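**Student:** here's a sequence, model it:
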Amino acid sequence: FCVILGLDGSGKTTLARHLAEHAGSTTPPLKLRYFHFMPTSPSRPLFPWPGSADAPDRMTRFLRSISLTHWIFIAMLGGLLLGWAFPTESQSLKVVSNMFLKMIKCILVPLVFGTLVVGIAVWLSTLPFVWTWPLYPGYALAMLLIAAVLMSALGLLAGLWADKWDQLSLFQSFLINPLSFLAGVFYSVQSLEEPWKSLAHGNPFFFMIDGLRWAFFGVSDAAAALDFAVSLGFCVTISLLCWLLLARGWRIRH
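**Tutor:** The predicted structure is shown next:
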């Protein structure tokens with residue numbers, strides 16, 4: 001019995017052949033087992049995958065290159081297409097969607113709470129060194145009020161439209177969250193290329209976030225007056241829509 005340890009593949013074939021010849025010339029013949037050890041690296045796994053000596057095949061490497069975020073997006077898109085194409089058969093998979101939504105809710109609540117706690121703690125710890133009060137407090141307060149009224153109107157609109165809690169969650173997951181995160185919350189839309197930059201300017205949430213950024217730091221991707229006008233106009237439009245739906249009694253359940 002013999003074990004060969006090597007950090008790379010150099011010389012392993014020659015060494016194994018010589019040892020095999022020596023093992024075969026002994027009496028009784030010795031059995032030779034070959035084991036090749038390879039340190040892990042980003043492109044080469046510690047344990048070889050089935051069907052390949054050193055690295056996964058092309059399909060396996062492609063699947064492993066897809067991030068978790070992309071897998072979640074693909075799964076959500078597949079669920080939408082399945083429900084649209086087979087509405088009756090997809091009802092049997094409702095328990096899977098309920099489990100997914102409950103898991104998201106379990107993660108979202110502590111995540112939001114932890115983010116708020118950490119953000120407030122960091123803000124308080126930096127106050128002795130850097131004053132982070134808004135440069136334009138009146139403008140910031142106005143934009144916050146517009147955002148609060150707009151979110152309230154969208155919540156009322158979602159409540160009128162939804163028949164079940166699942167539909168209410170879909171309204172938030174597929175409309176509110178994408179519009180918020182794609183509005184330049186964590187980046188500047190000026191870093192985007194066309195046509196994504198133009199599409200970002202078509203997002204009404206962009207103007208609210210951009211206006212708040214200008215109120216705090218004096219830096220914005222659009223003019224402050226344009227941010228305020230678009231945000232106010234969108235807020236008034238959604239509020240009037242809710243008022244008209246309530247006046248007509250649309251989908252109001254007694």
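**Student:** just the mean pLDDT for stretch 95-113, thanks.
**Tutor:** For stretch 95-113, mean pLDDT is 77.
**Student:** nope, stretch 224-231 is what I meant
**Tutor:** Averaged over stretch 224-231, pLDDT sits at 92.
**Student:** got it, and stretch 244-251?
**Tutor:** Here stretch 244-251 scores 86 as its mean pLDDT.
**Student:** now it - C-alpha only, PDB.
**Tutor:** What follows is stretch 244-251, C-alpha atoms only, in PDB (Å, rounded to 0.1, in the frame of the first residue of the first chain):
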ATOM      1  CA  LEU A 244     -61.400  58.500  -6.500                       C
ATOM      2  CA  LEU A 245     -61.300  54.800  -5.800                       C
ATOM      3  CA  LEU A 246     -62.700  55.300  -2.300                       C
ATOM      4  CA  ALA A 247     -65.400  57.700  -3.600                       C
ATOM      5  CA  ARG A 248     -66.500  55.100  -6.100                       C
ATOM      6  CA  GLY A 249     -66.400  52.300  -3.600                       C
ATOM      7  CA  TRP A 250     -64.000  50.200  -5.700                       C
ATOM      8  CA  ARG A 251     -63.400  46.800  -4.100                       C
END
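**Student:** where is the longest helix in this structure?
**Tutor:** helix 94-126 (DSSP state H).
**Student:** starting at the chain centroid, how far to that helix?
**Tutor:** Centroid separation for helix 94-126 versus its chain: 13 Å, with C-alpha atoms, centre = their mean, to the nearest Å.
**Student:** after it comes which helix or strand?
**Tutor:** helix 137-161 (DSSP states H and E).
**Student:** residues of that following helix that come out buried?
**Tutor:** Within helix 137-161, the residues that qualify as buried are 139, 140, 142, 143, 146, 147, 150, 153, 154, 156, 157, 158, counting by 16 or more other C-beta atoms under 10 Å. Any C-beta I mention is one placed from the backbone N, CA and C, and that applies to glycine too.
**Student:** ok, the residues you listed vs residue 190, which is closest?
**Tutor:** Set against residue 190, the nearest of the buried residues of helix 137-161 by C-beta to C-beta is residue 143 (20.0 Å).
**Student:** nearest spatial neighbour of the closest one, skipping sequence neighbours?
**Tutor:** Distance criterion C-beta to C-beta, 6 or more residues apart in numbering; nearest residue to residue 143, sequence neighbours excluded, is residue 211 at 4.7 Å.
**Student:** that neighbour is in what secondary structure piece?
**Tutor:** Using DSSP H and E, residue 211 sits within helix 204-217.
**Student:** what does the helix or strand just after that helix rub up against?
**Tutor:** On the C-terminal side of helix 204-217, the closest following helix or strand by DSSP H and E is helix 224-248. Contact with helix 224-248 is made by 139, 142-143, 146-147, 149-150, 153-154, 156-157, 160, 204, 207-208, 210-211, 214-215, 220, 251-252, as judged by C-beta atoms under 8 Å, 6 or more residues apart in numbering.
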